[in-house]
Each structure stands twice: as C-alpha cells, then as structure tokens.
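Q: Below are the sequence and a predicted model; questions follow.
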Amino acid sequence: MENGNPNKKNICKFLRARNPYGMMEGGENPWLLLDDANTICWCITSSGGVGPDNGLVSPMHCVEGRSCFASQDDNASDGEPPIV
Amino acid sequence: MDTRKEKFPYGIPGHNLGEIEREIPMEEPPVWPVNDELKVIGKRVKRIDALEKVTGKAIYTSDIKLPGMLYAKMLRSNVPHATISSIDVSKASSLPGVHAIHLIENAPKEGGDGGTNTYPMVKYVGQPLGGVAAESLEIAKEAVSLIKVNYEKKPFVIDMESAMEINAPIVFDAPITQQQDGGDVGETHDGSKGEGNVRGPSTSSFFGGPRGNLEEGFNEADVIVERTYRTQVHTHMPLETHGVVVDWGADVMTVYASTQNTAAVRNEMASVFNLPKSKVRVICEFMGGGFGAKHSAGSFGPMAANLAKKTGRPVWLMLDRKEEHLAEGNRPNSIQYLKIGAKKDGTLTGIQQRSHGTAGVGLGAGVGRIAQILYPCPNFATEQYDVLTNAGPGAAWRAPGNVQGAFGLEQAIDEMAEKLDLDPLRYRDRIDTSEVRKVERQRGAELFGWSRRQPPGSSTGVVKKGLGVGQSTWPRFVTLDSSVEIKIHKGGGVEIRSSVQDIGTGTKTIIAQVVAEELGLQVKDIKVNIGDTFFPVGPGSGGSVVTGSITPPTRNAAFEAKMALLKLVAKKWETDSSELYVEDGQVGHKANADLKMSFKEATKLMRTSQISKIASRSDDYGGFQQPWGLAYGDLGSVQFAEVSVNTETGFVKVDRIVAAHSCGRPLNIGQLESQINGGVIQGVSYALYENRVMDNGTGHMMNANIDQYKVPFSMEIPEIETIIVEEYSGRSSTDAYGIGEPANIATAAAIANAVYNAIGVRLYEIPITPSSILKALRNVS
Amino acid sequence: MNKFSWYEAKSVEDALQQVNSTLSDELYEATDEAAVFKSGGIDVFDWVKQGILKPQKIVNIRNIPGLDKISYDRKEGLRMGSNVTLAEIASHPEIKTRYLALHLAVNHAATPQLRNMSTLGGNIAQRNRCWYFRSADHDCFRKGGDRCFARHSKTGENENHAILDNGSCVSVHASSIATALMAFNASVVIVNAEGQQKTVQMDDFFVSAGEDIAMENILKPKEIITEIILPTPSKNTKSAYIKQVARESYDWSLADVAVVMEVSGNTCKSANIVLGAAAPVPYRSLEAQQAMENKTITGENAKAAAEAAMAKARPLSKNDYKVPLFVSTIKQTIMEIS
C-alpha cells in the first residue's frame, strides 16, 4: 500500500472488512485497506473468515482468479443466490 | 464560490481558547459559541429513552415476537479441524415441532482446497454448520443435539507460538504466499517464505510507513528500553447476544437485528440473497451492546433468512453465551517486542515494534498505530504479523489493536522515564506535543493527587499501594455517508429519521439535543426515529465515528427546516427571515420585541402538512487530513490508576481511576461519563480478569460462559472520576466527536504501571493475576 | 436440555421411591430411564443444560415438608434441615454468634440470588469444579473416561485446580460451606429407602477420588440427606473463615480456610483447620491442627502451621501460586482468632 493512496483493486463483492475506522465492501475502490494489520475480513457467502473454497479470506486473496470470486459487475439479478 | 467566512471558537477553554476564521459553504449554519453559551448542548440531559430502558419496556431484538414465529438454533462444529464426511439429520428432522433444517453448503468449485462434498471444512470449534427452526427454542436445541456430523479429523494448532513453529499443523491448506498476501511483503518469523501460519508483516498504514533510520536512532540513544509484552484473547461479552429475527414477507425482507450497523446488515443480506437494497429493511431500535463485534449479519443472519425462506414463517435466531465466546469475535492476543531509545534529556531517537497476534482463522491481529503516532520520534518501524490458528475469528473490539499497542508502549515509556530518573508524568510533558493531553495531564494529576506517588516498591506492609498513568490517542474519523431527515409537522411535532442506530451510548439523545438547540425547543419536543434502513443512511457505530458523523447533518437539516419555517413567518410579518430567531419555543424578531409567535403557531403557516429536509455530512471545514474522512486533530486521553497489591496472596484491586478525555465539543456530559465509565471498566477487566482459556490439546474453549470467563461485577469496579476537556477546532457545524474507543485504550497500561509502582516489579503480561504477581515477587518459581 | 418429567415429592419416603439413580452415577455411566433428585436445582440443572445429564424424570425434593427447619439449643447443638436455604443460614442470628465461620462461609458463597435458591443439602452434595469435568466435550476419569485433561503437563488448564490429594483427580470440591461445616465437626444425617437413618461425621461423608473416582461422597441411589448437625461449641470456641477469589463480587473459591479453635487466653488448646479448593474434597489439615495445638496464637506460629499444611502440596503445571496463597490465607485465618 502506498501511503495515502490505497490501491485500487477489484476485490470480490462478497468480501467485507472492518477496521478501526469503518466498514469496507469489496469492489473497485476499497479505501479502507488503510491499515491491513488491523482489518478483520469475512466472506458473506460462507459467513465467516473461511471462504467458500475453504481458503483464507483476505483483500489480497479475494480477487479475480479465485474460484469463488464474484466481480462487482456481476449482475445481481442474473445469478443464483450464492447460498443454496 | 458560495462560501462565507466565520470565526469559530478554537482551543481549550481555561487554557488557550481563541478564535479561528474558517471559510465555509454558504448553506452551513452559523457558528455555535462555546458550550457555556448554549442551552441544551454540553449539558447533563437525561437519556430520552431512560425510562423505557430501566422499566423493561424497551423492546430489544430478542424480545421480538411475531405471529407464527419459529425459533432457531445453530449447529456448530465441536472439533477444531476436520473435513465433514457426512451429516445425518434424520433424527432431528423427525422430531415433532421441527419445521426446517438448513445446512451450510458451499457451491462446489474447482481449485478449492479439499473436501469431497460441499460442506465447509471445519477450522475451529464452534464454526457454524447449519441450523434448525422449530416451534420452540427447546425443540430447536434438542433437534440440533440429534444431528450427527461425521468428521475426518485433521491436525490442529491452537496456541499462537506453536502455530509459528516450522512443523506446526497448517490452518489453511493453501500456503500463505507472502508476496501476494501481506499489505506489505516480508518474511515469516523464521525467515522462511511461503508456507505456514504466519502472514505479514504489515509495516505501514495511512499514518505512513517506516520513518528515518532505526539503527542510527538507536546509536544516538543514551538509554534503551527493550521488552516483550503479552496480551490475552479477550471476547466481547455484550449483554445482548448476537442475533436477528427475520420476517421475509412477499415484498420485503424485514430483519430485526441486534447490530451496530443497520446499513451494513442490510447490504449483506441484500447481497447474499440477491435482493435490491430497497427490499431489505433492517431495524434496530434498542441495542444491548456490541463493542465492535456486531457490524455484520454474521452467519446467523443468512441462516435465519434461509430458514424463513424454507418455512415461510418469521424466524427468531439469537445466539447463546457459549456461541458468543466461540464464534462471534474477540480481541486478538499479542506478543509485542518493543525497543525504544532516548537521549539523556528524554528525546526519543527510535521506536521499533514487532508484533504477532492471532485472530484465529481470520486476519487483523495487529497492535494498532499508537506506537507510531503517540509521541513524535524521527526513527520508527513496525512489523505486525498475523498468526492463523484453529480458533474462532477475531472482530473489531473497542479501539482495535490500539489497546494492545498502548499496553506495550505506555509501559515502555514508563520504564524509560525511570531510567532517565524522571517522573513519568513529567517525562510525558517533555515528549508529548499534544496540547489537549497536556491539559488532561495537568487537570488529571491535580484531581488524582499524582504528587502522592512514591518511588516504585517503596510502599510498606503486605498490601502495597501504587499509582500509574497511561496515555492514548485515537484519530478523528468521520463517515461521510451519513444522512439525516428532519420533519417539522404542521401544528407542531418534530421528527428525526436516520438509519443510524443507538448502540446504547445515547445517540438518540444527542440527536434530540442538537435539534432542540437549533430549533429553540426542548429535548422532549423532539421524536427521534432511528435504527431503520428505510430512513436515510447513517454510519455504523464503530471507530467512535457516530457523533462526529451524524450530529453535523442533524444540525444542518434542522437549520434548513428552521429557515424554511422562518421564511413563512417573515412573509407574514413582512420582514426578512434573517431578522428572525427562535428561542424557548418562540419565534421572535431581533429588532422588534413586539413580534412574537410560538413555534407551534409558526408551523400552522405551512402550506404542506410537513417540512422535510435531508442533510448529509459535509466535508470538514478546512478539509480533511486524509480524503477518506480522517479529520485533523486527535482524541487524546490520559488515565490515572491507583491500585492495591496484596504481596502475600497476589490479589490486585484497582481502587481508583481518573480518566481525562477530550472529544471536541462535548454534547452530553452525563452520557460521556457513562461511556468513559464503561471503557474504564472494560479496561480494568482486560488488565485483571478476562481471558479466553483454550485447551491446546482439544481445541475447546474451557471458559465459554459468564461464570468462568470473568468480567468484573460491582465490587471489582473502582471509583471512577472523569474529566472532560472541551476542545474546539471549528471543523463542522457541531464540532463534536465520539468517545467510545478512547475510553478503553489507556486503562490497562495505567494499571500495569500502577502495579509496578506498588511492588517495584514490572509485569509484562495481562491479565495480571495472583499467579503472575506471586511469580513476579518470586514467591513461587 | 432434554425433555423430562417432573415429580413433586411429598415426603422423604415418597421421594426415595421415585428415584433410581444419582447425578454421580449418571455422569459416570448414563442409564436410559434415570430419575434423579433436584433440590435447589442449582447444580443439577447446570448439568442438564450442558446436555451431560439427561434424566427422564426429575424428582423435586425442594418442597418436602419438615426439611426446612433451623434449630439451636445447647444440648442438641445446631440442626439444619437439608432444604434450608443458604440465605436462611446467612441471616440466622444464632449461627452468626455461635458459628461465625459458617456464617462467613455462607455469606461468601455464590450471590444473594443463588443463596435464595440453593439448599444446604444440595450445596454439600454438588459435584466438583473442573472445567473439563463439566464439559460435554471432555470425557474425563470422573465421567467414566480414559484420561485427565487438566493434569496434562503441557496442555492442562489447571490454574484453579487441586494441590493436595490430587493423585487421582485434580478437581476441587465446590462447597466452601462444607469447609466451615467440617471445621465445626458437623455430621450428616442420611435416610435410605428402607427408612433407615444413619449419622456420619462430615469427614466420613466425603470420599477421596482415590477411593471412588465417580463421586465425592458416600450417598448411594435411594439415599437422601435430611439434616446437618453441628455440636454445641464450648464457650472457649472461636472460629474464623476466609475465602480467596479472583472476583470478590461472586466467584468460586481459589483457596478458603475455616478455623475453629478451643482457646485459653491467647493459646490454642485444639484446632480444626479445614481447607477448601485445595483438594477434591474438603481437606482437614492434620498437620496444621497439630502445629497449633498448645501454641500461642502468634504470626510466627500461624505461619508455621500454614507451612505445615502445605508440606504435602503437589501443585500442577499452572497452580503453584496456590501454595503461597494458602500459606497466607491459613495464617490470616488463624490470626483472626487472636
């Protein structure tokens, strides 16, 4: 992370993160990656810190290429609900 | 430019109060003077919902009862690491009264790291696996006990230091790739890369990265303090547990949630169930505590909704205390190495910090940024590592990281002061540049009687007394996505609406105060309807952001509505609205004392049945320090602790805490005191009592209750005195900030320093127990 | 918690006909149709709520008439029915004047709410404290399992556990009231289904883990405590009690000590010194008693007695602090007498 300039990243839309300063949802501009050592993350499809693929949930991992990744652009009304 | 210039009070009354000119947007309300000149703001206003709360009339989430409602219970793992080979629900589903069973399954995907079925891999005891909805909670519980989960057990690791070893069982099968995974990239504890449970280090944050050159800094130093500090895992223990009642109607899913973030729960539920945000309504009218762990819908929210979907009935799902301890968050532990160097005159020349912490299966076990920012020091570096273990995930916990960090730093500063032969308070005067903490030290020391402090260990007798101090800082963060609607009804009646929830600190009351002050009314005249996502979006109750985020738009909306009303009166009186004012329920004319009209009378001039205005949080006057809502200045605090230590039995009693705090313009003194009391009590508890005890052999938490997980009760709570320092900076229309996190940061450090002062031996680990005291005194080996 | 039926016992005989098992037997090896007693319900329902005890029937003995009396006279001593609540003992004036250590022990037990609910019989018959023993996920010796989790030198979480007589089990007895009762040489009246009554010294009521791992007392199925009797103290009897807890407001004992002493001036003629939370059953320290006999009550002698009491202490991996804690507490309690 560049100081004062959080990386612009496409993070899975199902990622949520909470740090001392606020909430973050995945997507294009996750500004809350301001302090990653103090940021707690979870996945809302698997409801926890362990992802749907049994892997670690983290802003650096929950990106394109991961099997369970969903982009912000994925049209919500098209897809099946993630929990069956 | 549609701006104007105004002079704002600036500084600390009784110390350096002056004025500052700010250029502000034209639509912003006029400046408020200092609190002494206001009628409602800064006063001891009784909570507007006090009666409802103390009489039990307040309806909390767990009290919600809906027609046809079912009760649900979660199924959880009771092994720490395993794949699930099968789950047999046949006995449970045939139990009379059971309506639905929902098992958590992940859609099968390629590239996953194991399991032959779609059940999640179990990574800790208490991990949610499913849920049952039944006609009563008792039936649901019995049904859960009848579900048979067949596990293929895997090696696990619970203890953080064991997890850091080379051959430790691996929590996540997929290796942690340092190059991709850390916010900053580095090596694991032993220099090996790639595989293991250690992730990091994180070396920078929005406060910047490393500064200067540590080696040079330590070379310049005349005195070095180099220590390792340890803190425990601390669970949240809100009186009201996590939970929801989900009523999934034909058009809208209504979620009654015990949450500190209605908007976030709404967004989660909308995402999970593929619903537009407009079709999910989250309501939290009363809240029984959260402390950082209730920002999410969790696993219980989607579970209740899935069960509601399967049964077509509302579903109540509140967790029990054991589930809270196991799975709903905790403050991660820490092992912190700290090295600080100073010149003979005390000038800091270097601070080096290295920490490891475990948030179980999750991340975020850093120790905050307090070592980085509390005292200016040209040479600084931190490395903060996460260690993954087979235990429940951490969650934000009142000043995440910083409480752990302050415990280390403020003891090291204390030790440095002693090495320099300086009084710890005088030493902080020398190295701390914060004006507000300077005032807090002065006023606090006087009230506390700091001059009574004797040299460490000089107290005589079996029970030794000691005095200590600790300091902290917390950034002024603001959530800009914070909006409020005001409605003035024809014929009287003022209503406020926002999705912001009152976590219990009195948000409803301060909103009413701000509106009452602006409209010249009384607090009882204002109806505050908040905690409902059908209203304009408000901030989450975390980061101490609520007061600073929601009160300026509250005032601005009230101001706009007032101006709309005054225009109607001005028209009737054939004058300009700028000539009018409201005060004590009356509209008046500045130049003509004969022109008077009651507020209620004025509302009858309205063309429509209501005036409605919505305002959102403006940018800070003069801008932000960082564009995402990091405001200038800090929320500084200084806490003083007085303790008694029985050197024969090892028992420590905190006798007294003096807590000196600032939060910009204080809005409600009584509520601030309550919140500081709460922070101090949790700090006492962190220093002496609470501790998650895990059995490393089986992976179970042994004290997952209130009986053995010790929180302080009345007799453990010290005498607490608070000092609230008014500090004006002219940054918003209320210039007010929160106090939630600051109240909790310095307490444990102050207590540890006081214990040292009492017995002359320093404890580097919390909780401080009879065992640790007797060990420190070498009464036992 | 499982579903169970409820039986309201009308008399001791009625109650004894209804039960077929005990809490101890059920925890050691559960039966299908267990019917067990419940008095105050404090301990039994803890086990039921944990899902460890799954009775088919609960026999409520709380409302049996005649078991809720406290009487004192110089000849008979103090007689307390087994259904007397702790709150009733705590507020009894005769107990406060004549049996101070008992008064103090009761007042430091649990919380006011719990003292209102819990009964004397239930209190002394409650099962031991050990978080492994009380966990549904840990099948320890006391529950018929094959290991002691708490004793494990690397992973055992044993900070609250026993330091004396801990060879078979390291749990501690939970009744701090029993500590005081034993120091007053209390005896326990037990009735069986045949209507036979026996009176045993409290020292003999408790059973060491070495003798029987499944239970801490001699009660068998179809037996019930009806009364606790304390002999009349002589006019030269003095008593004291101190309980050490992590949390003063409400907590289980880490170390509690009851001292009942016959004194002549400031000299101890004979002493009863009993330690709670030291061993799997209340522990009478013969060493400390002997050390005080015919000694003046001074800090030095008290300390010597306290150290004698700890001579056989065998702390576990995380509870060695209990040794100095007991030394200090025994010394303090003896000094309260002076």
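A: That came through fine. Remember, it's a predicted structure, so these values are computed and weren't measured experimentally.

Q: Report the residue ranges of every domain in chain B.
A: B:61-155+B:236-327, B:166-220+B:334-405, B:415-476+B:631-776, B:478-616 (automatic domain parsing).

Q: does the shortest one come close to chain A?
A: Yes - contact between domain B:166-220+B:334-405 and chain A is present through B:172-174, B:176, B:180-184, B:200-202, B:204-206, B:208-209, B:359-369, B:384, B:386, B:388, B:393-396, B:399-402 (criterion: C-beta under 8 Å from any C-beta of the partner chain). C-beta here means a position set from N, CA and C on the backbone, and glycine is covered the same way.

Q: filter those to the buried ones?
A: If you count burial by 16 or more other C-beta atoms under 10 Å in any protein chain shown, the buried members of these come out as B:172, B:174, B:176, B:181-184, B:200-202, B:204-206, B:209, B:359-369, B:384, B:386, B:388, B:393-396, B:399-402.

Q: Mind checking which of the residues you listed are in strands?
A: Per DSSP state E, strands hold the following members of these: B:200, B:201, B:202, B:384, B:386.

Q: Any figure for the gap between the second one and residue A:36?
A: Going from residue B:201 to residue A:36 by C-beta to C-beta, to the nearest Å gives 10 Å.

Q: now do residue B:779
A: The separation that residue B:779 has from residue A:36, given C-beta to C-beta, amounts to 43 Å.

Q: Which of those two has more residues huddled nearby?
A: residue A:36 (29 against 20; other C-beta atoms under 10 Å in any protein chain shown).

Q: Run a quick check on the more buried one versus residue B:202, I expect a contact.
A: Yes - the criterion here is C-beta atoms under 8 Å, and residue A:36 meets it with residue B:202 at 5.2 Å.

Q: need the helix or strand of chain A with the lowest average pLDDT.
A: Counting by mean pLDDT, DSSP states H and E, the weakest-scoring helix or strand in chain A turns out to be strand A:22-27, with a mean of 78.

Q: CA atoms of that strand as PDB?
A: In PDB, the C-alpha atoms belonging to strand A:22-27 read as follows (Å, rounded to 0.1, in the frame of the first residue of the first chain):
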ATOM      1  CA  GLY A  22     -15.100   1.800   9.200                       C
ATOM      2  CA  MET A  23     -16.600  -0.900   7.100                       C
ATOM      3  CA  MET A  24     -15.500  -2.000   3.700                       C
ATOM      4  CA  GLU A  25     -17.300  -3.800   1.000                       C
ATOM      5  CA  GLY A  26     -15.500  -5.400  -1.900                       C
ATOM      6  CA  GLY A  27     -15.400  -3.800  -5.300                       C
END
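
Q: For the stretch 1-150 of chain C, which residue gets nearest to chain B?
A: residue C:131 (4.2 Å; C-beta to the nearest C-beta).

Q: how about the residues of the stretch 151-300 of chain C near chain B?
A: For the stretch 151-300 of chain C, the residues in contact with chain B under the definition C-beta under 8 Å from any C-beta are C:152, C:154-157, C:159, C:244, C:246-252, C:254.

Q: redo that, cut-off 7 Å
A: Applying the criterion C-beta under 7 Å from any C-beta of the partner chain, the portion of the stretch 151-300 of chain C that neighbours chain B consists of C:152, C:155, C:157, C:159, C:244, C:246, C:247, C:248, C:249, C:250.

Q: what sits against the residue of the stretch 1-150 of chain C closest to chain B?
A: For residue C:131, the contact set (C-beta atoms under 7 Å, 6 or more residues apart in numbering or on different chains) comprises B:702, B:703, B:708.

Q: Looking at those, which is nearest residue B:353?
A: residue B:703 (30.3 Å; C-beta to C-beta).

Q: Stretch C:145-158 - what's its average pLDDT?
A: Model confidence over stretch C:145-158 averages 97 on the pLDDT scale.

Q: Which positions in that stretch come out as buried?
A: C:148, C:149, C:150, C:151, C:152, C:155, C:156, C:157, C:158.

Q: wait, what's in contact with residue C:276?
A: Under the criterion of C-beta under 7 Å, 6+ apart, the neighbours of residue C:276 are C:173, C:176, C:179, C:253, C:256, C:282.

Q: Provide the count of other residues in contact range of the nearest residue to the first one once chain neighbours are set aside.
A: Read it as residue C:173. Computed as C-beta to C-beta, 6 or more residues apart in numbering or on different chains, the closest residue to residue C:173 that is not its neighbour in sequence is residue C:281, at 5.0 Å. Close neighbours of residue C:281, defined as other C-beta under 10 Å, add up to 28.

Q: Repeat that for residue C:139.
A: Neighbourhood size, residue C:139 [other C-beta under 10 Å]: 14.

Q: Can stretch C:28-47 be said to contact chain B?
A: No - in this structure, stretch C:28-47 remains apart from chain B according to C-beta under 7 Å from any C-beta; the gap is never smaller than 9.0 Å.

Q: How far does that stretch stretch from one end to the other?
A: Stretch C:28-47 has an end-to-end distance of 13 Å (C-alpha to C-alpha, to the nearest Å).

Q: For it, buried residues please.
A: When neighbours are counted by 16+ other C-beta under 10 Å, the buried residues of stretch C:28-47 are found to be C:28, C:34-44, C:46-47.

Q: mind checking the SS state of residue B:309?
A: helix (DSSP: H, G, I helix; E, B strand; the rest coil).

Q: my bad, residue B:571
A: Taking three-state DSSP as the rule, one finds residue B:571 in the helix state.

Q: give the contact list for the residue nearest the centre of chain B.
A: Centroid check for chain B by C-alpha atoms, centre = their mean gives residue B:398 as the closest residue, at 3.4 Å. Taking C-beta under 7 Å, 6+ apart as the criterion, residue B:398 is in contact with B:291, B:292, B:682, B:740, B:741, B:744.

Q: Nearest to residue C:74 among the residues you listed?
A: Checking the contacts of residue B:398 against residue C:74 by C-beta to C-beta gives residue B:682 as the nearest, at 53.4 Å.

Q: That closest one: neighbouring residues, count only.
A: The criterion is other C-beta under 10 Å. On that basis, residue B:682 has 25 neighbouring residues.

Q: Would you mind confirming that it is in contact with residue B:746?
A: No - using C-beta atoms under 7 Å, residue B:682 is not in contact with residue B:746; the gap is 12.0 Å.

Q: show me where pLDDT drops low in chain B?
A: B:108-116, B:174-195, B:781 (pLDDT under 70).

Q: Residues of it that sit close to chain C?
A: Looking at chain C, the residues of chain B close enough under C-beta under 7 Å from any C-beta are B:78, B:138, B:141-142, B:145, B:648-650, B:689, B:693, B:695-698, B:700, B:702-703, B:708, B:710, B:712-716, B:770-771, B:774, B:779-781.

Q: So which of the residues you listed are in helices?
A: Members of the residues of chain B next to chain C lying in helices (criterion: DSSP state H): B:138, B:141, B:142, B:145, B:770, B:771, B:774.

Q: Thanks again, I'm all set now.
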